[in-house]
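Peer 1: mind looking at a prediction? Sequence and model below.
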Amino acid sequence: MKIRFWPTVLILIVVAVTVRLGFWQRDRAHQKEALNAQITAFENASSQRVSTAPMPLKSIEFHRVEARGEFMPERVVYLDNRSYNDQPGFYVVMPLKLEGGGYVLVNRGWLPRNLADRTGIEKYETPKGIVDVQGIARANASQAFELGYGGSAAHQQIRQNLDVAAYAQETGIAFQPFVIQQTNDTGDKLVRDWPAPTMGVERNYGYMLQWWGMAFAAIGFGLYAAHHA
C-alpha cells in the first residue's frame with residue numbers, strides 16, 4: 001500500500017485542527033458552567049448598596065444590588081427591538097441620581113411598542129422623589145445586533161444599544177460602570193420578567209461533537225483512500 005505524502009499531510013492537518021477546535025469548545029462550555037454557578041451564588045447572596053464610591057464592573061457584575069435615589073426622566077433612553085412574548089417593545093433605561101451623590105443607570109423594564117406609531121412611546125409611570133431600586137448589576141442594559149454605531153447620536157432617546165462609558169462621556173455624568181437590571185416593583189406598569197443570562201453551554205457541547213465528528217470523518221476518509229490507493 002502506497003501512502004501519498006501531501007494528501008496524508010493535509011488529512012493530518014485537518015484532524016489536528018478539528019480536534020483542537022473540539023477541545024476549545026469543550027473548554028468554553030466548562031468556563032460558562034463555572035460562570036453560571038458563580039451567577040447563581042451571587043444572586044443568592046445579600047445585596048450590595050450602590051453609593052458614590054466607584055464600584056468596578058469586574059467586582060460587581062451579576063451581584064444583587066440596591067440603590068436609593070431619584071430618577072432622571074429627562075435623560076431616559078429607550079432601547080429598541082426588545083421583544084417580550086413575541087411582542088415588540090423597548091427597554092426603558094433611566095439614570096438614577098443617588099441619594100448622597102453619584103449616578104447609576106437603571107434598566108427599569110420592558111414597555112410594549114405603540115403599534116400605530118413605531119416611535120410612539122406608551123404611557124408608563126416614573127416615581128417622583130426618592131425611590132428604592134433593587135436588581136442585578138449587569139455590564140449593559142442588554143445588547144442587540146446593530147450595523148455600525150447606530151442610535152448613538154446625542155440626545156437621541158430611541159437607540160439600539162447603550163454603552164455606559166460612551167453615554168457618560170456624552171452626558172457629562174459620571175455613572176457607575178454598570179447598569180442595574182431592576183427587579184422590584186415600583187408601580188410603573190413596566191414588565192420585569194427578565195430572561196436568564198444566556199450561557200449557551202449546550203451549543204458549545206454541540207459544536208465540540210461536530211468538530212470531533214469531522215476529525216473522525218477525516219480519519220475514515222484517509223484510511224479509505226489509503227486502502228484504495
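Peer 2: Yes, it's here. Numbers count the residues shown, from 1 in each chain.

Peer 1: pLDDT below threshold where in the chain?
Peer 2: 1-3, 5, 145-155, 197-199, 226-229 (pLDDT under 70).

Peer 1: one more pass at 80, please.
Peer 2: Where the chain drops to pLDDT under 80, the residues are 1-8, 35-36, 38-45, 115-120, 142-156, 195-200, 222-229.

Peer 1: how distant is the longest strand along the chain from the center of its chain?
Peer 2: Using DSSP state E, we find that the single longest strand of the chain is strand 87-98. Remark: strand 87-98 is offset 15 Å from the chain centroid, using Cα atoms, centre = their mean, to the nearest Å.

Peer 1: stretch 200-209 now?
Peer 2: So, by Cα atoms, centre = their mean, the centroid of stretch 200-209 is 19 Å from its chain's centroid.

Peer 1: mind listing what's buried in it?
Peer 2: 201, 204, 207, 208 (16 or more other Cβ atoms under 10 Å). Quick note: C-beta positions are derived from backbone N, CA and C, even for glycine.

Peer 1: isn't residue 182 right up against residue 109?
Peer 2: Yes - counting by Cβ atoms under 8 Å, residue 182 does reach residue 109; the two are 6.3 Å apart.

Peer 1: quick one on the thing from earlier: now do the next helix or strand after the longest strand of the chain against strand 87-98, angle only.
Peer 2: Heading C-terminal from strand 87-98, the first helix or strand you meet, by DSSP states H and E, is strand 103-112. Calculated by axes from the mean of the first three to the mean of the last three Cα atoms, to 10 degrees, strand 103-112 forms an angle of 160 degrees with strand 87-98.

Peer 1: which secondary structure elements does strand 103-112 sit against?
Peer 2: Where contact means 3 or more Cβ pairs under 8 Å, 6 or more residues apart in numbering; DSSP states H and E, strand 103-112 is packed against strand 64-71, strand 77-84, strand 87-98, strand 130-138, strand 175-182.

Peer 1: count the neighbours of residue 83 for me.
Peer 2: 11 (other Cβ atoms under 10 Å).

Peer 1: same thing with the one 10 residues further on?
Peer 2: Counted with other Cβ under 10 Å, the burial measure for residue 93 works out to 24 neighbours.

Peer 1: deepest of the helices and strands packed on strand 103-112, which one?
Peer 2: Mean neighbour counts were taken over those using mean count of other Cβ atoms under 10 Å, and the top value, a mean of 23, falls to strand 175-182.

Peer 1: next SSE downstream of it?
Peer 2: Next along from strand 175-182, by DSSP H and E: helix 201-227.

Peer 1: follow-up on the earlier one: do you know which of the helices and strands packed on strand 103-112 lies nearest residue 168?
Peer 2: strand 175-182 (4.7 Å; Cβ to Cβ).

Peer 1: in the chain, which residue is closest to the centre?
Peer 2: Centroid-nearest residue in the chain, with Cα atoms, centre = their mean: residue 142, separated by 4.9 Å.

Peer 1: ok so that one is a strand residue?
Peer 2: No - applying DSSP: H, G, I helix; E, B strand; the rest coil, one finds residue 142 to be coil, outside a strand.

Peer 1: just checking, it touches residue 81?
Peer 2: No - using Cβ under 8 Å as the test, residue 142 is too far from residue 81 to be in contact (10.1 Å).

Peer 1: which positions in stretch 20-30 come out as buried?
Peer 2: Result for stretch 20-30 [16+ other Cβ under 10 Å]: buried residues 21, 22, 25, 26, 28, 29.

Peer 1: mind putting those residues in TSV, secondary structure and distance to residue 102 included?
Peer 2: Shown next, in TSV, are the buried residues of stretch 20-30 (DSSP: H, G, I helix; E, B strand; the rest coil; distance: Cβ to Cβ, whole Å):
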residue	secondary structure	distance to residue 102
21	helix	45
22	helix	47
25	helix	42
26	helix	43
28	helix	36
29	helix	38
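
Peer 1: good, we can wrap up now.
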